[in-house]
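Novice: coordinates only, no sequence provided:
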Ligand SMILES: [Fe+2]
């Protein structure tokens, strides 16, 4: 009988902690596939604030073939956004880093130490969704030698990694931190992405949770997922570092 109660209680989800810092979004207007206007950015930021966020680290793409942004352009965009928040009297802290699409251009920035980081020298990076990056381990080595701590954006979205879960474990062993998108735990992307997010959570492999908000529907998905049991479970299996930032 005692065991039955034990099982009932151990399966009851805990109230999840409030995530106050988001570290992955596209809020600087007009420089990537995120917000297209200042008004849209403000609307998204107000939706973050309504969900209890007090700090946003926004991460425009630096992707040489599609969004060839620079550190300077991102910093200028951030200043314009901060000025607009002051004008509108919206009290939320906002910083900028970048979501780096790993390639030779980004590695040249690493060589020059021209990387926009967040927190403890964390560098958010992404890769192709369709094919493995052949020189990945060499690139990660150089990134770490340069003093950066690589954080893989949305590991659940690289479908070619699904065949072998050991690929994720190997990246963790190489010192890569993992940032899963909260909307992935719902139906925002696809069933397979949802399943992989859950698998990474159950394996205790998640370090950061992000919104990856490009548009207002992402904020709605974010809010919805936070009401789900699968979201509470993340905090039972993983040490989530967002609120240390
Ligand atoms: Fe992103």
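Specialist: Sure, I can see it. Everything numeric in this text was worked out from a predicted model, so none of it was measured. Numbers count the residues shown, from 1 in each chain.
Novice: residue 149 contacts residue 120, doesn't it?
Specialist: Yes. Applying Cβ atoms under 8 Å, one finds residue 149 in contact with residue 120, separated by 6.5 Å. For the C-beta atoms, the positions are set from N, CA and C on the backbone; glycine is no exception.
Novice: higher neighbour count, the two?
Specialist: Neighbours per residue, other Cβ atoms under 10 Å: of residue 149 and residue 120, the larger number sits with residue 149, 17 against 9.
Novice: check the gap between the more buried one and residue 119 for me.
Specialist: Per Cβ to Cβ, to the nearest Å, residue 149 is found 8 Å from residue 119.
Novice: check residue 236 too.
Specialist: 23 Å.
Novice: of these two, who's got more company?
Specialist: With neighbours defined as other Cβ under 10 Å, residue 236 and residue 119 compare such that residue 119 has more, 17 against 13.
Novice: please report how far residue 105 lies from residue 66.
Specialist: The value you get for residue 105 to residue 66, if Cβ to Cβ is used, is 12 Å.
Novice: just residue 141 next, same as before
Specialist: 26 Å.
Novice: that older thread, more neighbours: which of residue 105 and residue 66?
Specialist: Neighbour count, other Cβ under 10 Å: between residue 105 and residue 66, residue 105 has more, with 14 against 11.
Novice: check contacts around the more buried one.
Specialist: 64, 68 (Cβ atoms under 8 Å, 6 or more residues apart in numbering).
Novice: correct me if wrong, but it is in a strand.
Specialist: No. With DSSP: H, G, I helix; E, B strand; the rest coil as the criterion, residue 105 is assigned helix and is not in a strand.
Novice: check what pLDDT it gets.
Specialist: You'll see residue 105 listed with a pLDDT of 97.
Novice: next: residue 238.
Specialist: In this model, residue 238 carries a pLDDT of 97.
Novice: settle this for me: residue 24 is touching residue 124, isn't it.
Specialist: Yes. Contact criterion Cβ under 8 Å: residue 24 and residue 124 qualify, at 6.4 Å.
Novice: intersection of neighbour lists for the two?
Specialist: 59, 99, 153, 179.
Novice: nearest to the ion, out of those: which one, please.
Specialist: residue 99 (4.6 Å; Cβ to the ion).
Novice: can you name the residues bridging to the closest one?
Specialist: residue 61, residue 124 (DSSP bridges).
Novice: can you pull the contacts of it?
Specialist: 24, 26, 59, 60, 61, 62, 124, 125, 126, 153.
Novice: ok, residue 68 next?
Specialist: Contacts of residue 68 (Cβ under 8 Å, 6+ apart): 62, 105.
Novice: and the pLDDT for it?
Specialist: pLDDT, residue 68: 94.
Novice: and it, how far is that from the ion?
Specialist: Counting by Cβ to the ion, to the nearest Å, the separation of residue 68 from the ion is 16 Å.
Novice: with residue 55 instead?
Specialist: Residue 55 is 17 Å from the ion, by Cβ to the ion.
Novice: how about residue 206?
Specialist: 16 Å.
Novice: what sits against that residue?
Specialist: 178, 179, 180, 200, 234, 237, 238, 240.
Novice: could I get the full set of helices for the chain?
Specialist: Under the criterion DSSP state H, helices of the chain are mapped to 2-11, 38-50, 71-87, 104-111, 136-145, 166-173, 191-202, 216-225, 229-237.
Novice: quick one: closest of the ones you listed to residue 210.
Specialist: helix 216-225 (9.5 Å; Cβ to Cβ).
Novice: flag every buried residue along the closest one.
Specialist: 218, 219, 221, 222, 224, 225 (16 or more other Cβ atoms under 10 Å).
Novice: now do that helix: everything it contacts.
Specialist: 40, 43-44, 47-48, 51, 182-183, 185-186, 188, 211-213, 231.
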